[in-house]
Structure formats: C-alpha cells, structure tokens
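Participant: Have a look at this prediction, sequence included:
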Amino acid sequence: MLETEVKQLIIDVLQLEDIGVDDIDSAAPLFVEGLGLDSIDALELGVALQKRYGISLSADSEDTRSHFASVHALAALIETHRKK
C-alpha cells in the first residue's frame, strides 16, 4: 500500500527510530502537531521524494504545503505523479 510506503520513507529518511508505520496516522498532520516535523525535515523528505518518485516540489509553493499536510496527501501526490 502506498501510504505504508510513504510512512516507511518518512521513518527511514528522518531516522525516526522509535516510530513504526502503525504509529503514524495517515490523516494526522506531519508538521507542528502529529509527527511534529520541522522545515529541515520537510527539505529532507522533499529530496527523498524527488529521488524515489521523481517528484519536484517548490519550497515556496502553497501547493507544497498542502502536499505535506499528511501521509494521505503525500500518497495522493505520488499517485497523481505516477499517472502522468
């Protein structure tokens, strides 16, 4: 399942050693609340998404903020990109 793949990517890239894929709620916010990620985490995750899925994101874009809202939103972005 793509959402599980995204969760594992987040765990691996950000080295979240005490968190498993089942601990991450797909609908929960990734930043501030939820996982509590910060802008450095977003940058690292963006690079990982580009390497793995070929997705290029602009740091200044409002769309990027919405894509990083949750695991569910990231999975939807990847699905959209795959269909192109």
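Facilitator: That came in fine, so what should we check first?

Participant: quick check: mean pLDDT across the one helix or strand Lys7 maps to?
Facilitator: In the assignment (DSSP states H and E), Lys7 maps to helix 2-13. Mean per-residue pLDDT for helix 2-13: 96.

Participant: Next: stretch 55-75.
Facilitator: Mean per-residue pLDDT for stretch 55-75: 86.

Participant: Mind listing what's buried along it?
Facilitator: Ile55, Leu57, His67, Phe68, Ala69, Ser70, Val71, Ala73, Leu74, Ala75 (16 or more other Cβ atoms under 10 Å). The C-beta positions use only the backbone N, C-alpha and C, and glycine is treated the same way.

Participant: With distance to Ile10 and secondary structure as new columns, can those be given to me in CSV?
Facilitator: Below are those laid out as CSV (distance: Cβ to Cβ, whole Å; DSSP: H, G, I helix; E, B strand; the rest coil):
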residue, distance to Ile10, secondary structure
Ile55, 14, coil
Leu57, 15, coil
His67, 13, helix
Phe68, 10, coil
Ala69, 13, coil
Ser70, 11, coil
Val71, 7, helix
Ala73, 12, helix
Leu74, 8, helix
Ala75, 11, helix
